[in-house]
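*Asks:* Dropping a prediction and its sequence here:
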Amino acid sequence: MNNEYGKVAVLYGGTSSEREVSLASGAAVHEGLRASGIDAHLIDTRDHPALFALKTQGFDRAFVVLHGRGGEDGQVQAILDWQGIPYTGSGVLACALAMDKVLTKRVWQASGLPVQPDKVIDANTRYDELVAALGGTHFAIKPALEGSSVGVSRVSSQAELEAAYQKAGGAREKVMAEPWVVGRELTYPIVGGRVLSGIEVTASAEHLFYDYDAKYLAEDTRYLCPPPLDAALDAEIRALTRRAFDAIGAKGWARVDFILDGEQRPWILEINMVPGMTSHSLVPLAARHDGMDFPALVRAILAQTLG
């Protein structure tokens, strides 16, 4: 048994729309930690008494593998801070900020990072308003506080806008619009201060973009690691990854997503503070390319809690 880490709680599940993904991610992380001889235990944070009793149950640290609200947004991080338990990933402020795509883009924009313009919309927003405010004729409509491409639509008319607004949660949610950029989808993980190899993701023709189904269910999504880019552009995107991570005060690990437009300009789309760790996930793929197997990857992430 590896006693360096003591008793480790793998926090997974939860109550968000990404619960099923988190259950798969948590199971994989748990298996990887146990393979390294670490005393790891799965804790579903839907069990609130168990979550609030981690300290009294003798847990020394926590590996957070929660996706979406209630786990990736600072709430669980605050509970862990209150109990005095070190945990993987970013703290309360950075997690809360990153959960809101609109506010995150404001910080990146103020930091001189390349982001597309956006607009918070409501039921009264008109399609022609988006054309005037954002330019172009095609727009991505999405909830500002969800991940895994939940509720995302492409619109090019008033009727499509109205349907997309409801799909994104309607009046119950903060819904945003931004220009739909056609290009290559890239993602770069960062673990322990090191930017890993990038990945280009290509969904099959039946997918308009890299949506939830393409991410977690489809078997024909293609992943190129590293992406076929010239060295200068790869270095530029790696630098942007680190700057985006640092600008919001992130810690430990994350994954930054980009779209590379037809003029070879990278635009930052979003940052994932607790990336997926399933068989379809991208951080393990990049780590493998860089010579780090899955147990080594989860140990590297957990090592942050020793500092």
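*Replies:* Looks like it came in fine.

*Asks:* Quick one: neighbours of the closest residue to residue 153 other than its chain neighbours, just the number.
*Replies:* Distances taken as Cβ to Cβ, 6 or more residues apart in numbering put residue 164 closest to residue 153, at 3.6 Å, once the chain neighbours are dropped. All C-beta atoms are positioned from the backbone trio N, CA, C, and that covers glycine. Using other Cβ atoms under 10 Å, residue 164 is surrounded by 21 other residues.

*Asks:* Please apply the same query to residue 295.
*Replies:* Around residue 295 there are 17 residues (other Cβ under 10 Å).

*Asks:* any idea of the mean pLDDT in stretch 14-22?
*Replies:* Per-residue pLDDT over stretch 14-22 has a mean of 90.

*Asks:* should've said stretch 72-79
*Replies:* Per-residue pLDDT over stretch 72-79 has a mean of 96.

*Asks:* Pull out the buried positions in that stretch.
*Replies:* 72-77, 79 (16 or more other Cβ atoms under 10 Å).

*Asks:* For residue 193, state which of the residues you listed is nearest.
*Replies:* Nearest to residue 193 among the buried residues of stretch 72-79 is residue 77, at 19.4 Å by Cβ to Cβ.

*Asks:* What is the neighbour count of the residue nearest to that closest one when sequence neighbours are not counted?
*Replies:* Counting by Cβ to Cβ, 6+ apart, residue 92 is the residue found nearest to residue 77 once chain neighbours are left out, at 4.8 Å. Using other Cβ under 10 Å, residue 92 has 16 other residues around it.

*Asks:* Kindly list the main-chain dihedrals of residue 92?
*Replies:* phi -60, psi -50 (degrees, to the nearest 10).

*Asks:* residue contacts, it?
*Replies:* Going by Cβ atoms under 8 Å, 6 or more residues apart in numbering, residue 92 touches 74, 77-78, 81.
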